[in-house]
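Trainee: no sequence on this one, just coordinates:
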């Protein structure tokens, strides 16, 4: 099978690898589409230290079941599917039900260097991690489910309620998915603060108001558009200026959710947390329920979600796509790698 291999930091090549056959309770998926995640790009550049030479990355994917192991009855060969990359060991399934992402022994497909992941034509995952898709759903939309699940979990961690005013700081793929997740949750005013004009235009098409984060008075303009201070802010960037903006934008007693991972360490204004009793929560990946709910929403969302996809490239062009993203190339939304092309 063909696979995109990180042969060294800063360089990817398409190579031929031997496919793994599914064992008992496992499913082999022939991958059709895999999104390039920001964490993949940071792994490619070596920034985050969470990807390693020799690894096959990829975790935002959809495809078709190509083989099943013994005892698998949930799906059959030919079924269109996606998969939840957070894999909990059998012994932890019951204890961590509903909070699978907290299992200390979890493995994450696309992050675990020993797992040949979904920038390969064939990937093997546990059957319980497989989520069926409608045959009517364009297969590339299945690759949007994983980033939407990240946003769904963040919105739920932040305690967003119907009618809440919410600021999303950062209009990249996770910020874009957060707009969809906020619509799922019934949020009221949704404003996205983003420096890039093309990304502001994209999130506007998704139904959010926007402000230029680099402009003077951006926080105040966002509050004006929302009709007041924000109940919740979601930081989809995760650097000091964005967490500062999120804290300043929320009302006393408000909540800030940190889902962006732009910097490993942050300095923040502690008095804005303590004296005004704001809550700061972290969010990472998702539960199995979050993932299933994201899949159900994508299934009924219609053509509007296609705005999240800026470009689709064949596997042979994926190294160039990674290089463009690593250089900071202007891409408003998601680049999808087509392994079925």
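Mentor: Good, I have the coordinates. Being a predicted model, the structure only gives us computed values, none of them experimental.
Trainee: give the bridge partners for residue 280, please.
Mentor: Residue 280 forms beta bridges with residue 256, as assigned by DSSP bridges.
Trainee: thought it was touching residue 250?
Mentor: No: using CB atoms under 8 Å, residue 280 makes no contact with residue 250, being 10.0 Å away. Bear in mind the C-beta positions are built from the backbone N, C-alpha and C, glycine included.
Trainee: more crowded one of those two?
Mentor: Legend: neighbour count by other CB atoms under 10 Å for residue 280 and residue 250, higher for residue 250 (25 against 16).
Trainee: tell me the contacts of that one?
Mentor: Applying CB atoms under 8 Å, 6 or more residues apart in numbering to residue 250 gives the contacts 167, 229-233, 256, 278.
Trainee: between these, which sits nearest residue 219?
Mentor: Residue 219 has its nearest neighbour among those in residue 167, at 8.3 Å by CB to CB.
Trainee: so which strand or helix has the closest one?
Mentor: Here residue 167 sits within strand 166-169, counting by DSSP states H and E.
Trainee: contacting residues around the next helix or strand after that strand?
Mentor: Scanning forward in sequence from strand 166-169 by DSSP H and E, the next helix or strand is helix 173-185. Contacts with helix 173-185, where a contact means CB under 8 Å, 6+ apart, come from 35, 37-38, 144, 147-148, 150-152, 154-156, 160-162, 166, 168-169, 190, 192, 194, 199, 202-203, 206-208, 234, 236-237, 259-260, 293-294, 297, 301, 305, 308, 333-334.
Trainee: now do the domain split for the protein, please.
Mentor: Domain segmentation of the chain under automatic domain parsing yields 2-147+286-338, 159-282.
Trainee: can you list these in TSV and add mean pLDDT?
Mentor: Shown next, in TSV, are these (pLDDT from 0 to 100):
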stretch	mean pLDDT
domain 2-147+286-338	95
domain 159-282	96
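Trainee: is the residue nearest in space to the middle of the chain in a helix, a strand, or coil?
Mentor: In the chain, the residue lying closest to the centroid (CA atoms, centre = their mean) is residue 147, at 2.3 Å. Under the three-state scheme (DSSP: H, G, I helix; E, B strand; the rest coil), residue 147 adopts helix.
Trainee: for it, what are its contacts?
Mentor: 35, 37, 60, 173-174, 177, 334.
Trainee: find the nearest non-adjacent residue to it, please.
Mentor: residue 177 (4.7 Å; CB to CB, 6 or more residues apart in numbering).
Trainee: burial of that neighbour, as a residue count?
Mentor: Per other CB under 10 Å, the neighbour tally for residue 177 reads 29.
Trainee: same check, this time on residue 79
Mentor: Residue 79 has 17 neighbouring residues, counting by other CB under 10 Å.
Trainee: residues contacting it?
Mentor: By CB under 8 Å, 6+ apart, the contact list for residue 79 reads 64-65, 132-133.
Trainee: out of those residues, which end up buried?
Mentor: For these, a burial check counting by 16 or more other CB atoms under 10 Å picks out 64-65, 133.
Trainee: okay, and the beta partners of residue 4?
Mentor: Going by DSSP bridges, residue 4 is paired in beta bridges with residue 14.
Trainee: is it correct that it is in contact with residue 117?
Mentor: No: counting by CB under 8 Å, residue 4 stays clear of residue 117, with 9.5 Å between them.
Trainee: hmm, back to that, among the contacts of residue 250, which ones are in strands?
Mentor: Residues of those located in strands (DSSP state E): 167, 230-233, 256.
Trainee: what's the next secondary structure element after the one helix or strand residue 297 maps to?
Mentor: Assigned by DSSP H and E, residue 297 falls within helix 288-301. Beyond helix 288-301 on the C-terminal side, the first helix or strand identified by DSSP H and E is strand 309-314.
Trainee: buried residues of that next one, list them for me.
Mentor: 309-310, 312-313.
Trainee: tell me which of the residues you listed is nearest to residue 17?
Mentor: Checking those one by one against residue 17 (CB to CB), the nearest turns out to be residue 313, at 20.1 Å.
Trainee: residues in contact with the closest one?
Mentor: 320-321, 335-338.
Trainee: that one and residue 319, how far apart?
Mentor: Residue 313 sits 10 Å away from residue 319, going by CB to CB, to the nearest Å.
Trainee: could you do residue 337 as well?
Mentor: The spacing between residue 337 and residue 319, counted by CB to CB, is 10 Å.
Trainee: just give the nearest non-adjacent residue to residue 46, would you?
Mentor: Nearest non-adjacent residue to residue 46 (CB to CB, 6+ apart): residue 9, at 4.1 Å.
Trainee: any idea how far that neighbour lies from residue 322?
Mentor: Per CB to CB, residue 9 is found 12 Å from residue 322.
Trainee: so what sits against both of the two?
Mentor: Common neighbours of residue 9 and residue 322, counting by CB under 8 Å, 6+ apart, are residue 44.
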